[in-house]
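**Q** Would you be able to build a 3D model of this:
(one chain, ligands or ions: 3)
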Amino acid sequence: MINENYDIVIGLEVHSELSTKTKIFCSCPTEFGGEPNTHCCPVCMAMPGALPVLNEKVVEYAIKAGLATNCKIAETCKNDRKNYFYPDLPKSYQISQFDIPLCEDGYVEIDVNGNKKKIGLVRIHIEEDAGKLNHDPYGRGSLVDLNRAGVPLIEIVSKPDMSSVEEADIYLKKLKSILQYIEVSDCKMQEGSLRADVNVSVKKKGSTELGTRTEMKNMNSFKSISRAIEYEANRQIDVIENGGTVIQETLRWDDVSGKTFSMRDKENAQDYRYFPEPDLGLIKNSKEKIEEIRKLLPEMPEKRRERYVSEFNLPEYDANVLTMEKALSDMFEGATKICNNPKTVSNLMMSEVIGILNNKEMESSEIPFTAEQLGNLVILIDKGTISTSIAKKVLLEMFDNPAEPQKIIEEKGWIQISDEGAIKEVVLKILEANPASIADYKAGKDRALGFLVGQAMKETRGKANPQMLNKMFLEELNK
Ligand code: ADP
Ligand code: MG
Ligand code: ZN
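**A** Ligands and ions are numbered 1, 2, ... in the order given. Below you'll find the predicted structure:
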């Protein structure tokens with residue numbers, strides 16, 4: 001859809017809320033939601049004279065993120081004040097990091113249709129989140145909620161290394177996956193704990209000089225980001241093709257109209273007057289401390305993927321999908337441990353669980369049943385208590401009313417019919433009602449058998465054992 005005489009260039013600034021228990025400079029909880037202004041204290045409300053104390057866990061989590069993305073970790077760095085006025089920022093400055101970030105010069109490797117590509121990271125720094133404005137829907141004013149003020153963030157700034165909508169999408173998914181694996185952020189995009197500023201420019205195909213970029217702030221859905229990049233690249237190409245020049249500006253993406261709009265603020269001309277934060281000391285990270293943190297890193301997605309192929313014999317593609325998100329991967333391993341049947345667990349997850357998650361627009365971390373329950377479901381299939389098609393119905397039920405699968409099939413009366421007499425009764429009934437299919441079968445049309453089995457399944461509402469049906473139909477037809 002993009003004019004082939006142009007290249008797109010994309011760089012992302014990703015903000016991720018860290019899942020520490022307490023805020024970055026005080027001991028208030030970081031928990032999402034809550035009655036407005038109930039997770040606050042004099043520090044995060046910026047009362048005069050209140051002093052910040054740096055939460056050590058924040059530094060540890062950010063270093064973990066840096067190590068997992070191949071960054072160099074600063075042995076000494078500091079906090080800086082970024083000054084700007086906005087009603088959700090009570091101090092009128094944000095404590096962030098300016099010239100010396102905690103982590104620098106890393107990369108994230110992505111897999112684009114089987115080709116590996118490294119997306120460079122300029123830096124990862126720590127900073128505090130701002131509060132939130134609740135706008136009165138009738139325009140009578142806005143109320144400030146400071147529960148989020150002081151929640152720790154890392155900002156991960158990529159190099160302008162992505163050159164398609166697809167690459168940006170894969171990069172962001174990979175980054176989310178890494179942050180979830182190392183357990184520093186829950187990355188819930190609807191709650192804003194992962195959001196991205198998306199920078200886009202275009203240039204004539206093959207040119208080495210970067211074009212002027214525009215920036216779309218605070219985006220928190222994969223779908224919108226892809227749509228926004230595509231729209232914005234095309235808009236810029238149109239401007240250039242019509243003899244105009246792209247202006248560097250901050251844009252707002254509107255999901256409803258599918259367009260970008262100029263924010264018309266002085267964002268780009270803004271001078272933040274950064275200066276060192278005088279109320280906090282230097283952050284010192286000894287080599288030993290960095291190595292201790294490195295030891296906390298878990299098995300990462302690539303390693304797991306390789307192991308799934310070698311240990312469980314899964315196809316590369318399935319292994320890739322299952323390891324993309326830690327919650328899915330943990331569920332796969334937990335269920336496999338219970339039932340010892342990785343292939344069926346993988347099939348159910350690939351064909352059903354992921355589909356249901358997509359339909360319900362749920363995150364994999366929100367799956368309401370346990371790995372053990374999924375494993376027990378597979379045991380029921382393996383024992384022949386239920387068929388695979390019933391298992392799919394049980395899974396849907398497990399999403400809506402989580403319970404042990406055994407209990408669900410008992411309550412719903414979904415236990416598979418494997419009784420010879422009962423199966424025979426159904427087979428005879430279906431044969432009697434379909435003389436034409438018998439004739440077709442005898443005339444060599446094998447498809448008639450499938451039709452008859454299907455009718456029997458319908459008759460028993462999916463409960464008949466399909467192998468037994470097949471066998472018994474053949475016996476009767478060949479009599
Ligand atoms: P700022 O901090 O003012 O937003 P930076 O130079 O730090 O500016 O760049 C921010 C982001 O913009 C980075 O992620 C970078 O990769 C991206 N970027 C820079 N130049 C371009 C460009 N020409 N096209 C697309 N993205 C760009
Ligand atoms: Mg920016
Ligand atoms: Zn506080």
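**Q** Just the pLDDT for Ala269.
**A** Ala269 carries a pLDDT score of 58 in this model.
**Q** what's Ile73 sitting at in phi/psi?
**A** phi -100, psi 130 (degrees, to the nearest 10).
**Q** what's across from it in the sheet?
**A** Assessed by DSSP bridges, Ile73 has beta-bridge partners Cys103.
**Q** count of residues packed around it?
**A** 22 (other Cβ atoms under 10 Å). Every residue, glycine included, has its C-beta placed from N, CA and C.
**Q** Excluding chain neighbours, give the residue nearest to Lys23 in space.
**A** Nearest residue to Lys23, sequence neighbours excluded (Cβ to Cβ, 6 or more residues apart in numbering): Gly150, at 3.9 Å.
**Q** Next, the one you found: secondary structure please.
**A** Under DSSP: H, G, I helix; E, B strand; the rest coil, the three-state class of Gly150 is coil.
**Q** Check the secondary structure at the residue of the stretch 251-400 of the chain found nearest ligand 3 for me.
**A** Nearest residue of the stretch 251-400 of the chain to ligand 3 (Cβ to the ion) works out as Asp279 at 14.6 Å. Assigned with three-state DSSP, Asp279 falls in the coil class.
**Q** what's it in contact with, if anything?
**A** Applying Cβ atoms under 8 Å, 6 or more residues apart in numbering to Asp279 gives the contacts 51-52.
**Q** And for Ser224?
**A** With Cβ under 8 Å, 6+ apart, Ser224 has these contacts: 253, 255.
**Q** so it is in which element?
**A** Ser224 is part of helix 222-241 when elements are defined by DSSP states H and E.
**Q** what's the answer for Tyr61, then?
**A** Secondary structure (DSSP H and E) places Tyr61 in helix 56-68.
**Q** Name the residues of that helix that are buried.
**A** 57-68 (16 or more other Cβ atoms under 10 Å).
**Q** cool, stretch 423-442 as well?
**A** Within stretch 423-442, judged by 16+ other Cβ under 10 Å, the buried ones are 423, 426-427, 430-431, 434, 437-438, 440-441.
**Q** Now for the nearest residue to Ile415 once chain neighbours are set aside: which residues touch it?
**A** Nearest in space to Ile415, with sequence neighbours left out and distances taken as Cβ to Cβ, 6+ apart, is Ile409 at 5.6 Å. Residues near Ile409 by Cβ under 8 Å, 6+ apart: 380, 385-386, 390, 394, 415.
**Q** I'd say the residue nearest to Lys23 and Pro29 touch.
**A** No: using Cβ atoms under 8 Å, Gly150 makes no contact with Pro29, being 10.5 Å away.
**Q** Compare those two (neighbour count), which wins?
**A** Counted by other Cβ under 10 Å, Gly150 and Pro29 do not tie: Gly150 has more neighbours, with 29 against 15.
**Q** related to what we said a few turns ago, for the residue nearest to Lys23, report the pLDDT, please.
**A** Reported pLDDT for Gly150: 98.
**Q** how about it, what does it touch?
**A** The contact partners of Gly150, by Cβ under 8 Å, 6+ apart, come to 23-26, 28, 43-44, 128-129.
**Q** mind running it again at 6 Å?
**A** 23-25, 44, 128 (Cβ atoms under 6 Å, 6 or more residues apart in numbering).
**Q** now do Leu377
**A** Leu377 touches 391, 394, 405, counting by Cβ under 6 Å, 6+ apart.
**Q** Check Arg81 too.
**A** 93, 275, 277.
**Q** 10 Å instead?
**A** 91-96, 98, 272-280 (Cβ atoms under 10 Å, 6 or more residues apart in numbering).
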